[in-house]
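K.L.:
sequence and predicted structure, then a few things I'm wondering about:
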Amino acid sequence: MILLDTHVFIRYANGERKLGRHARGAIDHALDREHVFVSALSFWEIAMLIEKRRLTLDTTVSGFRAATLRHGIQEVVVDGDVAIAAGELPPTHGDPVDRMLVATAIVRGVALMTADEVLLGWKLRGYRVQDATA
């Protein structure tokens with residue numbers, strides 16, 4: 001089971017080559033078993049990237065979300081357990097969305113797929129991570 005970091009989610013959806021062959025295969029395999037997840041926060045982050053003109057989509061964020069869910073990627077909500085776990089993480093990473101993604105992976109018992117060097121290097125109890133560049 002895999003939780004996609006927002007940048008991995010975007011790269012996968014756009015078919016970008018920055019996503020490693022092994023990572024793409026792992027996502028495809030997990031998707032066949034309905035084991036690919038994206039945080040609801042990723043849709044917020046995508047909306048912010050569009051607002052800042054750092055990302056464009058051929059559709060609205062709502063349309064992109066609907067297409068994602070139809071494709072079989074499951075949305076994970078941020079609840080109190082995730083919020084508390086994110087607040088208890090070490091201060092190594094200051095990005096609140098990344099902290100929420102790590103906490104989501106830990107609380108939900110899934111691996112986070114990312115290319116973020118800091119997140120790849122974290123050694124936390126219950127935290128599993130996969131390199132999206134491999």
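P.N.:
Good, I have the coordinates.
K.L.:
from here on, contacts and neighbour counts on C-alpha atoms
P.N.:
Fine.
K.L.:
got a list of what the residue nearest to His35 when sequence neighbours are not counted touches?
P.N.:
Leaving aside its chain neighbours, His35 sits nearest to Met1 (4.7 Å; criterion: Cα to Cα, 6 or more residues apart in numbering). Shown in contact with Met1 (Cα atoms under 8 Å, 6 or more residues apart in numbering): 30, 35-37, 110-111.
K.L.:
which other residues reach stretch 34-51?
P.N.:
Counting by Cα under 8 Å, 6+ apart, 1-6, 9, 27, 30, 55-57, 61, 65, 72-78, 97, 101, 104 sit against stretch 34-51.
K.L.:
any quick ChimeraX command for the buried ones out of the residues you listed?
P.N.:
A single ChimeraX command is used to select the members of the contacts of stretch 34-51 judged buried by 16 or more other Cα atoms under 10 Å:
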select :1,2,3,4,5,6,9,27,30,61,65,73,74,75,76,97,101,104
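K.L.:
just the contacts of stretch 34-51: which are in helices?
P.N.:
6, 9, 27, 30, 61, 65, 97, 101, 104 (DSSP state H).
K.L.:
I'd say the last one and Gly80 touch.
P.N.:
No: counting by Cα atoms under 8 Å, Thr104 sits too far from Gly80 to count as a contact (10.6 Å).
K.L.:
state the mean pLDDT of the host helix or strand of Leu112.
P.N.:
Using DSSP states H and E, Leu112 sits in strand 111-114. When pLDDT is averaged along strand 111-114, the result is 98.
K.L.:
now it, how far from the centre of its chain.
P.N.:
7 Å (Cα atoms, centre = their mean, to the nearest Å).
K.L.:
please save the CA atoms from it in CSV.
P.N.:
C-alpha atoms of strand 111-114 as CSV (Å, rounded to 0.1, in the frame of the first residue of the first chain):
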residue,chain,number,x,y,z
ALA,A,111,4.5,3.5,2.7
LEU,A,112,5.0,7.1,1.6
MET,A,113,6.4,7.3,-1.9
THR,A,114,8.5,10.5,-2.3
